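[1] got a sequence here, can you model it:
(one chain, ligands or ions: 1)
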Amino acid sequence: MHVPVLAGPAITWLRVREDGVYVDCTAGAGGHAVLIAERLITGRLIALDRDPVAVKMAAEQLAPYGCATVLRRNYANLAAVLAELGVPEVQGVLLDAGVSTMQLDDAARGFSLEKDGPLDMRMDPTQGPTAAEFLATTDEERLARVLKQYGDLKRPRRIASAIIGRCREGRLETTRDLFEAVHAALPFVRGVPEETRLVFQAIRIAVNEELRWLESTLVQAIDRLAPGGRLVAISFHSGEDRLVKNAMRDAARVRREFRPDGRIASETPPRLRLLTPKPIRPTSEEIRMNPRARSAKLRAAERLAIPEAAP
Ligand SMILES: C[S@@+](CC[C@H](N)C(=O)[O-])C[C@H]1O[C@@H](n2cnc3c(N)ncnc32)[C@H](O)[C@@H]1O
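    Predicted coordinates for the structure are as follows:
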């Protein structure tokens, strides 16, 4: 059974109102979405996912709830989706970023480092290059940057060189091939090293352009929140968490524009109130039950009412 990560804190911080409109940007297997839907009476839930398998699964889970609309969309289209549905503002947005257990467990999707499958890794299998195609058109330097930025890897050049070398020999078509390339680069590490998991994570983030979409969606989510509405975001690695933290912190600041002489030209009041100055982490009990939760961080913020402009 699918266990949503940080489910209790996510629902508590969203503070679901029975008549509110909520968006679950990452429906996945519908775990968080069902918890929201079952709290709604006259409210509405809009659940998005870019993965057709997830959309099918979430639609099945949400079928008993008349309040739910499930759509196969990249969450970066949040503002457009709300406009299409005639929803001007919402009471809450949930983002549970990254990859799902469902995606990781299906060898045919190419996310798994334990099971062999085609080197695909696309969340939406109709969009963009596969991981194998991405690696075939990437040079060592760019791949090393990807490994460093999205995987925090300590030996990115060495690993990138092994992967690109193997790719040029035409031996990089499956997840097993990638696994072996990383092992060849790190012969002194035994077993399934953490490094291999981080290499898979970094390539997956690049293939799906995950940070690009996340950054744009955070801005749209903050824009669409009604006063008192809440944004709850769960991230799984430092790059995601940095984007969430910065987007919330920037919106929680007074913004000032200055004239050339240093005087203040305009002042925009904060749009958000931070609810979690420090991220919420899973308990050791949750990590024991669901090891995937171990790197999760949840941040929440509330939209402030915008004061009337002075006449
Ligand atoms: C961690 S899982 C969500 C699990 C879900 N909260 C649950 O309880 O089942 C992340 C999901 O986000 C989806 N996803 C990632 N990036 C996306 C994007 N840009 N647009 C829409 N969905 C995205 C993935 O396909 C995956 O199903």
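[2] the stretch 1-150 of the chain: strands as residue ranges?
    Along the stretch 1-150 of the chain, counting by DSSP state E, counting those that start in this stretch, strands occupy 21-24, 44-49, 68-72, 90-96.
[3] pick the most buried one from the ones you listed.
    Of all the strands of the stretch 1-150 of the chain, strand 21-24 has the most neighbours on average by mean count of other Cβ atoms under 10 Å, namely a mean of 29. Quick note: C-beta positions are derived from backbone N, CA and C, even for glycine.
[4] pLDDT (mean, whole number) over that one?
    The average pLDDT for strand 21-24 rounds to 98.
[5] mind listing residues that contact that strand?
    By Cβ atoms under 8 Å, 6 or more residues apart in numbering, the surrounding residues in contact with strand 21-24 are 14, 16, 32-33, 36, 40, 43-48, 78, 82, 87, 89-94, 96, 221.
[6] got the strands of the stretch 1-150 of the chain as a markdown table, with distance to Cys167 columns?
    Listed next are the strands of the stretch 1-150 of the chain as a markdown table, based on distance: least, Cβ to Cβ, whole Å:
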| stretch | distance to Cys167 |
| --- | --- |
| strand 21-24 | 37 |
| strand 44-49 | 30 |
| strand 68-72 | 31 |
| strand 90-96 | 32 |
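[7] of all those strands, which one is nearest Thr175?
    Of all these, it is strand 44-49 that lies closest to Thr175, at 22.3 Å by Cβ to Cβ.
[8] can you tell me how far the residue most central in space within the chain sits from Val5?
    The centre of the chain sits closest to Ala97, judged by Cα atoms, centre = their mean, with a distance of 1.9 Å. Applying Cβ to Cβ, to the nearest Å, the value for Ala97 to Val5 is 10 Å.
[9] same check, this time on Glu286
    8 Å.
[10] more crowded one of these two?
    Neighbours per residue (other Cβ atoms under 10 Å) separate Glu286 from Val5, with Val5 holding more: 25 against 19.
[11] quick check: that one touching Asp96?
    Yes. Between Val5 and Asp96 a contact is recorded at 6.6 Å, counting by Cβ atoms under 8 Å.
[12] joint contacts of the two?
    By Cβ under 8 Å, 6+ apart, the residues touching both Val5 and Asp96 are Ile234.
[13] rewinding a little: residues shared between the contacts of Ala97 and Val5?
    Common neighbours of Ala97 and Val5, using Cβ under 8 Å, 6+ apart, are Ile234.
[14] with adjacent residues omitted, what lies nearest to Leu71?
    Among residues not flanking Leu71 along the chain, Leu48 sits closest, at 5.4 Å (Cβ to Cβ, 6 or more residues apart in numbering).
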